[in-house]
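Engineer: I'd like to go over a predicted model; first the sequence, then the structure.
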Amino acid sequence: MTTLRTGATPEVRSLPPAPLNPLPRREQIRALRRFHTGCETLRNAGGPVTRLQLAPRWLMPPVVVATSPGAVHDVLSRHGTLVDKTVVHAEMRHLMGRNLFDLQHEDWTPRRRALQPVFTKKRVEEFSGHMAAAAESVTDSWADGAEIDLDTESRRLTLRALGRAVLGVDLAEQASSIGAPMQIALSHIADRTGAPVKPPRWFPTPARHRARAAAAELQRIADRIVRACRADAGRDAPLVRAMMAAVDPQTGAPLTDREIADDLIAFLIAGHDTTATTLAYALWQLGRRPDLHERVLAEVVAVRERGSLGPADVPALGYTVAVLHEALRLCPPAPATSREAVCDIDVGGHLVEAGSMLVVGIYALHRDPQLWADPLTFDPDRFTGGKRPDRWQYLPFGAGPRSCIGDHFAMLEATLALATIVRTVEIVSTTAEFPVEVPFTAVAAAPVTARVRHR
Ligand code: HEM
């Protein structure tokens, strides 16, 4: 539980509170439950820093939604002693263990220090060995002229890449034994945190029983992976090996097997659906835009016409990377993120009181017409020729101390996969929409079909 502190400067205390959102309470609740479009709705009605008081304060703290670059900076750049993880993360810790994603500041600091060197741009290249191979094996399984579901296939691909390359097992073969429990556990966390009034955690409900069984199953899988790596020094599992070798540079302490297993679950949760959705969305857009598809193809063929693509090819795949950046802009897999104010802080020129829940609308920022020309058009050239949007208006991987540790990993994997697929097949999207739902991260809400023709 967070210890709330006061101690803000008199200047902060004299700031006006964030204005109350004028929407009726029912609409506010509905908007908060729609993690992606909800923040846009709240911003349009109440401005870039807007406050919701959904229940009496003793029952529920105020929620402050930030959707301008300045306000988002004020939330995410703050040190963990000022803003920390929230009830959502407490629910996750309780159900799924103490991992890098859900730990609170004090426990998180040494864990991140130990793991950061494992995920640098250079180090993740060690995990790339099977990334292109995973993409090749998935495209090889497509019959010429077949109609495929881009979402299912991308999910298969990222699970195979993450599993075989990194953890030393073929997770794609166990896709249902991982995907189903993960979905049950994450939906339970989302349901509990979305409910203004909820039973205590120990209260035996059928939903709790299912969620605990699902979490236990994931833990068994992660424990098995760690045990297998300890038992067989020759097992090809670069990420697990790197975690076993990692130490906190300040104390020299290694990670325990429990910590490694808990973090493997975090990597599965944070790294699988997210990368799959990005890839599926990019492929869907290319499948509707032959001009962009051709540009990617020309670039990839110029880099390497045959043979597996690898990290050394990535610097020459600038347009392919721009397509992925644009996919992450329009369909950010983490459309919103949250924090709790540990003490009174200023956000966008407003006082936010200790204990308030802070929501950062990433999706809303990425589509804001005040920040982006023609925001709903898919245009990878926003990211070509060295153009980079402002740091605080484009944050698919978050920002500040708790930003994504897997960003280089995800970009490498998605780039090699997209380039390999486009070089192998032509894609024609057969659905006009990419409907999104956000059970935890953004995923396709329905099949996203496309016809593939081998080149
Ligand atoms: C396209 C793919 C990905 C996207 C869009 C994404 C997005 C994000 C975002 C926005 C955060 C910050 C959450 C917050 O502010 O609370 C985050 C955190 C995190 N991500 Fe990713 N992620 C992706 C891939 C990955 C991969 C591949 C891994 C691991 C292999 C990973 C592991 C993590 C972890 C462990 C955290 C928590 C970091 C911390 O608190 O220290 N992510 N991710």
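Structural biologist: In hand now; what should we look at? Residues are numbered from 1 along each chain as shown.
Engineer: from here on, contacts and neighbour counts on C-alpha atoms
Structural biologist: Will do.
Engineer: pick out the residue in the stretch 1-150 of the chain sitting closest to the ligand.
Structural biologist: The ligand sits closest to residue 101 of the stretch 1-150 of the chain, with a gap of 3.7 Å, by Cα to the nearest ligand atom.
Engineer: and the residue nearest to residue 381 when sequence neighbours are not counted, what does it touch?
Structural biologist: Among residues not flanking residue 381 along the chain, residue 322 sits closest, at 6.9 Å (Cα to Cα, 6 or more residues apart in numbering). Residue 322 is in contact with 380, 381, 382, 383, 384, counting by Cα atoms under 8 Å, 6 or more residues apart in numbering.
Engineer: starting at the chain centroid, how far to the helix or strand of the chain with the lowest mean pLDDT?
Structural biologist: The helix or strand of the chain with the lowest confidence, counting by mean pLDDT, DSSP states H and E, is helix 175-194 at a mean of 80. In terms of Cα atoms, centre = their mean, to the nearest Å, the centre of helix 175-194 is found 15 Å from the chain centre.
Engineer: in that helix, what's buried?
Structural biologist: The neighbour-count check on helix 175-194 (16 or more other Cα atoms under 10 Å) flags 178-179, 181-193 as buried.
Engineer: pull out the buried residues from the helix or strand containing residue 217.
Structural biologist: Using DSSP states H and E, residue 217 sits within helix 206-231. Within helix 206-231, the residues that count as buried by 16+ other Cα under 10 Å are 208, 211-219, 221-223, 225-226, 229.
Engineer: just the buried residues of helix 175-194 now: which is nearest residue 296?
Structural biologist: When the buried residues of helix 175-194 are compared for distance to residue 296 (Cα to Cα), residue 179 wins out at 31.0 Å.
Engineer: neighbours of the residue of the stretch 1-150 of the chain closest to the ligand, how many?
Structural biologist: Each residue near residue 101 was counted by other Cα atoms under 10 Å, and the total is 21.
Engineer: try the one 4 residues further on
Structural biologist: The burial metric for residue 105, expressed as a neighbour count using other Cα under 10 Å, is 21.
Engineer: repeat for residue 441
Structural biologist: Each residue near residue 441 was counted by other Cα under 10 Å, and the total is 20.
Engineer: how much space between it and the ligand?
Structural biologist: As for residue 441, its distance to the ligand is 9 Å (criterion: Cα to the nearest ligand atom, to the nearest Å).
Engineer: what pLDDT does that residue get?
Structural biologist: Reading off the confidence values, residue 441 has pLDDT 90.
Engineer: now residue 196
Structural biologist: Per-residue confidence (pLDDT) for residue 196: 63.
Engineer: who touches the nearest residue to residue 375 once chain neighbours are set aside in this structure?
Structural biologist: Among residues not flanking residue 375 along the chain, residue 367 sits closest, at 5.3 Å (Cα to Cα, 6+ apart). Residues near residue 367 by Cα under 8 Å, 6+ apart: 329, 330, 375, 376.
Engineer: recalculate using a threshold of 7 Å.
Structural biologist: Taking Cα atoms under 7 Å, 6 or more residues apart in numbering as the definition of contact, the neighbours of residue 367 are 330, 375, 376.
Engineer: filter those residues down to the buried ones, ChimeraX style.
Structural biologist: For the buried members of the contacts of residue 367, the matching ChimeraX selection, counting by 16+ other Cα under 10 Å, is:
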select :330
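Engineer: which of the contacts of residue 367 fall within helices?
Structural biologist: Using DSSP state H, the members of those that fall in helices are residue 330.
Engineer: pull the number of nearby residues for residue 252.
Structural biologist: 10.
Engineer: who in the chain is up against the ligand?
Structural biologist: Taking Cα under 6 Å from any ligand atom as the criterion, the chain approaches the ligand at residues 100-101, 112, 266-267, 270-271, 274-275, 278, 332-334, 337, 396-398, 402-407, 409-410.
Engineer: buried ones among the residues you listed?
Structural biologist: Buried members of the residues of the chain next to the ligand, scored by 16+ other Cα under 10 Å, are 100-101, 112, 266-267, 270-271, 274-275, 278, 332-334, 396-398, 402, 404-407, 409-410.
Engineer: narrow those residues to those in strands?
Structural biologist: Among those, no member falls in strands (DSSP state E).
Engineer: filter those residues down to just the ones in helices.
Structural biologist: When DSSP H is applied, those are split such that 112, 266, 267, 270, 271, 274, 275, 278, 407, 409, 410 fall in helices.
Engineer: dump the residues you listed into CSV; add pLDDT as well.
Structural biologist: Below are these laid out as CSV (pLDDT from 0 to 100):
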residue, pLDDT
112, 96
266, 92
267, 91
270, 87
271, 87
274, 95
275, 96
278, 98
407, 97
409, 94
410, 96
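Engineer: quick check: the farthest pair among the residues you listed?
Structural biologist: 112 and 278 (24.9 Å).
Engineer: quick check: residue 341 vs the ligand, distance?
Structural biologist: Residue 341 is 14 Å from the ligand, by Cα to the nearest ligand atom.
Engineer: tell me the bridge partners for that residue.
Structural biologist: Taking DSSP bridges as the rule, residue 341 bridges to residue 83.
Engineer: that one reaches residue 82, doesn't it?
Structural biologist: Yes - using Cα atoms under 7 Å, residue 341 is in contact with residue 82, at 6.2 Å.
Engineer: low pLDDT regions in the stretch 151-300 of the chain?
Structural biologist: Residue ranges of the stretch 151-300 of the chain with pLDDT under 70: 165, 172-176, 194-197.
Engineer: residue in it nearest to the ligand?
Structural biologist: For the stretch 151-300 of the chain, Cα to the nearest ligand atom, closest residue to the ligand: residue 271, 3.3 Å.
Engineer: who's in contact with that residue?
Structural biologist: So residue 271 contacts nothing (Cα under 7 Å, 6+ apart).
Engineer: distance of it from residue 259?
Structural biologist: Taking Cα to Cα, to the nearest Å as the measure, residue 271 and residue 259 are separated by 17 Å.
Engineer: one more: residue 389?
Structural biologist: Relative to residue 259, and taking Cα to Cα, residue 389 is found at 36 Å.
Engineer: check residue 16 too.
Structural biologist: 43 Å.
Engineer: more neighbours, these two?
Structural biologist: Shown here are residue 16 and residue 259; by other Cα under 10 Å, residue 259 has more neighbours (16 against 12).
Engineer: are we agreed that that one is in a helix?
Structural biologist: Yes - counting by DSSP: H, G, I helix; E, B strand; the rest coil, residue 259 is located in a helix.
Engineer: quick one, strands of the stretch 1-150 of the chain?
Structural biologist: 49-52, 63-66, 83-84, 147-149 (DSSP state E, counting those that start in this stretch).
Engineer: re the thing from before, just name the closest of the contacts of residue 367 to the ligand, please.
Structural biologist: Nearest member of the contacts of residue 367 to the ligand, counting by Cα to the nearest ligand atom, is residue 330, at 11.4 Å.
Engineer: I'd say that closest one and residue 366 touch.
Structural biologist: Yes - under the criterion of Cα under 7 Å, residue 330 makes contact with residue 366 at 6.5 Å.
Engineer: one step back: neighbour count added to the contacts of residue 322, as a markdown table?
Structural biologist: Below are the contacts of residue 322 laid out as a markdown table (neighbours: other Cα atoms under 10 Å):
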| residue | neighbour count |
| --- | --- |
| 380 | 18 |
| 381 | 14 |
| 382 | 17 |
| 383 | 18 |
| 384 | 16 |
